[in-house]
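>>> coords please:
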Amino acid sequence: MKIKHFFAGAALAVLCAAGARAEELKFANFTPPFHTVNASVIEKLNADVSAATGGALTVRGYHGGELGAGPVEQYVRVLQGVADIAWGLPGYTSSQFQKTMIVELPGVIPLDAPGYEALWNAYDDNLAGEFPGTKPLAIWTSEPNIFIMKDKVVRTPADLQGLKLRVAGATAAEVVSAMGATPVQMPINQVYNALQTGLIDGVVTGSSTLSDFKLDEVADSFTFGANLGRLAFYAVMSQAKYDSLPDDQKAAIDAASGPGLSKSAEDAWNVTANAAIEAARADSKNTIVDLSADEAQAFADAVAGVVDAYVASVGGEAALAAMQGQ
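Alright, predicted model coming up:
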């Protein structure tokens with residue numbers, strides 16, 4: 001009987017130990033596993049958290065929309081518990097992220113300055129309330145936006161008159177309208193077909209999409225040099241899930257997230273973007289436009305009123321100042 005109790009106790013101990021090792025955070029990724037976010041955020045987070053906890057806590061990516069395909073619904077999936085962590089774009093639900101969206105406006109961040117630093121500078125005092133129910137693990141921006149066009153060449157705002165341009169969110173839509181084009185809001189994974197079929201004439205977005213979403217296959221004209229803003233991104237974790245973890249696992253997540261993880265993401269976006277730009281420039285079918293300072297200023301002048309009006313409309317003066325390090 002004692003031997004039987006011994007083995008029963010030993011088996012229970014093994015099961016408890018196995019349960020302790022089995023904590024896995026589900027990270028929802030609506031893009032394929034080759035997308036830049038996988039290595040720079042999902043795999044890095046898993047490596048760092050797993051190492052810090054001796055494998056007691058891991059992060060697994062569910063790619064290609066396995067936990068739900070719609071890019072717009074990623075934040076909600078975390079709140080609903082479908083995923084423990086998800087990444088997405090504030091621009092898809094811009095009414096929730098009114099002050100966060102300031103970072104996307106033209107001219108707010110210089111072309112050569114990091115966006116993730118601007119976002120974290122403004123986070124505690126200005127942006128935290130826009131992330132209810134979650135713990136942001138990373139907030140960052142893309143490389144600066146460019147004009148990616150099909151069968152159209154853009155050198156001046158006048159070249160945009162009457163064209164249809166895809167945008168990610170409401171603020172970008174106002175910017176595009178100010179330049180004379182018609183904004184068409186859609187998720188990035190619909191842009192390839194929209195360009196290919198002529199539903200849109202072009203898109204204002206970062207050059208990393210040329211490879212991440214294969215837009216290089218359907219676009220043939222690219223305009224660089226205007227400060228058209230950039231896209232913002234988040235990776236958020238369920239606050240309830242975070243709160244349920246033991247202290248050592250919370251500490252591991254804290255150490256693996258924040259500005260460091262954000263920098264990893266933004267650096268990776270820039271690496272992807274630079275490689276895509278190099279490939280686009282090398283392709284003889286493409287028209288490449290590099291704007292002079294004066295030509296770029298024409299675009300800045302066209303959208304200046306929109307930027308000022310948007311910041312005022314959301315009471316974002318303090319957020320803007322924080323983003324710009326003031």
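>>> CA only for contacts and neighbour counts going forward, please
Will do.
>>> In three-state terms, label A265 for me.
Secondary structure, DSSP: H, G, I helix; E, B strand; the rest coil: A265 is helix.
>>> any idea how far it is from G305?
In this structure, A265 lies at 31 Å from G305, with CA to CA, to the nearest Å as the measure.
>>> who's more crowded, these two?
Of the pair A265 and G305, A265 is the one with more neighbours under other CA atoms under 10 Å, namely 29 against 12.
>>> Who are the packing partners of whatever helix or strand A312 lives in?
Element membership for A312 (DSSP states H and E) is helix 293-313. Where contact means 3 or more CA pairs under 8 Å, 6 or more residues apart in numbering; DSSP states H and E, helix 293-313 is packed against helix 170-178.
>>> Show the subsequent helix or strand relative to the helix it packs on.
For helix 170-178, the following helix or strand on the C-terminal side (DSSP H and E) is strand 182-185.
>>> avg pLDDT for the helix or strand that comes right after that next one?
Downstream of strand 182-185, the next assigned helix or strand under DSSP H and E is helix 191-197. Helix 191-197 shows a mean pLDDT of 97.
>>> Give the residue spans of this protein that score low on pLDDT.
1-22 (pLDDT under 70).
>>> List of residues touching the helix holding A312?
Residues outside helix 293-313 that contact it (CA atoms under 8 Å, 6 or more residues apart in numbering): 99, 102, 105-107, 155-157, 171, 174-175, 178-179, 225-228, 317, 320.
>>> Out of those, name the ones that lie in strands.
Judged by DSSP state E, those include no members of strands.
>>> Would you mind giving the secondary structure of the residue nearest to the spatial centre of the chain?
Nearest to the mean C-alpha position of the chain, counting by CA atoms, centre = their mean, stands F233 at 2.5 Å. Following three-state DSSP, we place F233 in the strand state.
>>> show me what contacts it?
Contact partners of F233, counting by CA under 8 Å, 6+ apart, are W87, G88, L89, P90, I139, W140, T141, S142.
>>> what's the spacing between the third one and G169?
What it means is L89. From L89 to G169 the distance is 9 Å (CA to CA).
>>> For the contacts of F233, give me CSV that also has distance to Q80, neighbour count and secondary structure.
Below are the contacts of F233 laid out as CSV (distance: CA to CA, whole Å; neighbours: other CA atoms under 10 Å; DSSP: H, G, I helix; E, B strand; the rest coil):
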residue, distance to Q80, neighbour count, secondary structure
W87, 15, 25, strand
G88, 15, 21, strand
L89, 18, 24, coil
P90, 18, 25, helix
I139, 21, 30, strand
W140, 24, 29, strand
T141, 26, 28, strand
S142, 27, 26, coil
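>>> Can you redo those residues as JSON lines, where the extra columns are distance to T272?
Formatted as JSON lines, the contacts of F233 follow (distance: CA to CA, whole Å):
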{"residue": "W87", "distance to T272": "18"}
{"residue": "G88", "distance to T272": "18"}
{"residue": "L89", "distance to T272": "18"}
{"residue": "P90", "distance to T272": "21"}
{"residue": "I139", "distance to T272": "18"}
{"residue": "W140", "distance to T272": "15"}
{"residue": "T141", "distance to T272": "13"}
{"residue": "S142", "distance to T272": "10"}
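>>> quick one: contacts for the closest residue to A235 other than its chain neighbours?
Residue nearest to A235 in three dimensions, not counting chain neighbours: W87, with 4.1 Å by CA to CA, 6 or more residues apart in numbering. For W87, the contact set (CA under 8 Å, 6+ apart) comprises A28, N29, Q74, Y75, F233, Y234, A235, V236.
>>> Recalculate using a threshold of 7 Å.
Neighbouring residues of W87 by CA atoms under 7 Å, 6 or more residues apart in numbering: N29, Q74, Y234, A235, V236.
>>> Which parts of this structure belong to which domain?
What automatic domain parsing lists as the domains of the chain is 23-142+230-272, 145-229+276-323.
>>> residue ranges for the helices of the stretch 51-200 of the chain, please.
Ranges of helices within the stretch 51-200 of the chain are 74-80, 115-122, 170-178, 191-197, based on DSSP state H, counting those that start in this stretch.
>>> List of residues touching the second one?
Translated: helix 115-122. I109, I139, W140, T141, S262, K263, A319, A322, M323, Q324.
>>> can you rerun that using 8 Å?
Contacts to helix 115-122, defined as CA under 8 Å, 6+ apart, come from residues 100, 103, 109, 139-142, 259, 262-263, 266, 319-320, 322-325.
>>> Those residues, buried ones only, as a PyMOL selection?
In PyMOL, a selection of the buried entries from the contacts of helix 115-122 looks like this (16 or more other CA atoms under 10 Å):
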select buried, resi 100+103+109+139+140+141+142+259+262+263+266+319+320+322+323+324
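>>> before we move on, back to that, against A158, how distant is the residue nearest to the centre of the chain?
Counting by CA to CA, the separation of F233 from A158 is 31 Å.
>>> again with I277
As defined by CA to CA, I277 lies at a distance of 25 Å from A158.
>>> now D220
Taken as CA to CA, the span from D220 to A158 is 19 Å.
>>> Pick out whichever of those two has more residues nearby.
Using other CA under 10 Å as the criterion, D220 and A158 rank with D220 on top: 21 against 13.
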